[in-house]
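Q: Sequence and predicted structure are below.
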Amino acid sequence: MLAADPGASIASIAAEAGVDRRTVYRRFASRDELLAAIHDAHLTAVEQAIEDARLREAPVAVALHRFVENAITVNRTWPVDPARLLTDDAVRPRRDAAIRAFDAFLRRAADDGLLRRDTPEGWANVLLPQLMLLATQHMPDRSAGQAADIVVDTLLHGLGTSGRARP
């Protein structure tokens, strides 16, 4: 609900969950505390996705697909507005550590020749999260693995047909 309407009230969240708002307030003293718990859960899932992808030791192409698939699953499970996650100071150190791990992996992918080096600095760091977010939002009928196939193929080969067989 909060991903669709960041201004959703505790009362409407409680109603959607099928509980009384007092039940929500017994667990979370404020709306901000509820948001902090959601951000924490999202970030915990991201950290697990990074760990499961084995970004430092798995072959780069395998780790890339595994991470994208995991990230799409996280985004579907915890649909947090990325802009809000960036402004939550409570999770900043953990969020920044996850970003550093991701950035180091993308440098590894470039060093291994999987990603081009002739693009603007940080381009893959900006593009890949956006592709994953778009896949999350626009491919609900596909499994996370199928969506990851499309994201990774788009990242590595673009949308053009040059060098590819035409259907």
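A: Cool, the structure landed.
Q: I'd like to know which helix or strand in this structure has the lowest mean pLDDT.
A: Least confident element among the helices and strands of the chain, by mean pLDDT, DSSP states H and E: helix 82-87 (a mean of 69).
Q: after that helix comes which helix or strand?
A: helix 92-111 (DSSP states H and E).
Q: per-residue confidence averaged over that next one?
A: Averaging pLDDT along helix 92-111 yields 91.
Q: buried residues in the next helix or strand after that helix?
A: Remark: after helix 92-111, the chain's next helix or strand is helix 123-138, criterion DSSP H and E. Buried residues in helix 123-138, counted by 16 or more other C-beta atoms under 10 Å: Ala124, Leu128, Pro129, Leu131, Met132, Leu133, Ala135, Thr136. C-betas here are computed from N, CA, C, even on glycine.
Q: where's Leu159 relative to Thr136, distance?
A: 19 Å (C-beta to C-beta, to the nearest Å).
Q: again with Ser9
A: Counting by C-beta to C-beta, the gap from Ser9 to Thr136 is 25 Å.
Q: where's the residue nearest to the spatial centre of the chain, which helix or strand?
A: When C-alpha atoms, centre = their mean is applied to the chain, the residue found nearest the centroid is Ala71 (4.4 Å). Taking DSSP H and E as the definition, one finds Ala71 inside helix 60-77.
Q: As CSV, could you dump the C-alpha coordinates of that helix?
A: Taking Å, rounded to 0.1, in the frame of the first residue of the first chain, the C-alpha atoms of helix 60-77 are listed here in CSV:
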residue,chain,number,x,y,z
VAL,A,60,30.4,-12.9,-13.0
ALA,A,61,27.6,-13.9,-15.5
VAL,A,62,26.1,-16.3,-12.9
ALA,A,63,26.3,-13.8,-10.1
LEU,A,64,24.7,-11.1,-12.2
HIS,A,65,21.7,-13.2,-13.1
ARG,A,66,21.4,-14.6,-9.6
PHE,A,67,21.5,-11.0,-8.1
VAL,A,68,19.0,-9.6,-10.6
GLU,A,69,16.6,-12.5,-10.0
ASN,A,70,17.0,-12.1,-6.2
ALA,A,71,16.5,-8.3,-6.4
ILE,A,72,13.3,-8.6,-8.5
THR,A,73,12.0,-11.0,-5.8
VAL,A,74,12.9,-8.5,-3.1
ASN,A,75,11.3,-5.6,-5.0
ARG,A,76,8.1,-7.7,-5.4
THR,A,77,8.0,-8.8,-1.8
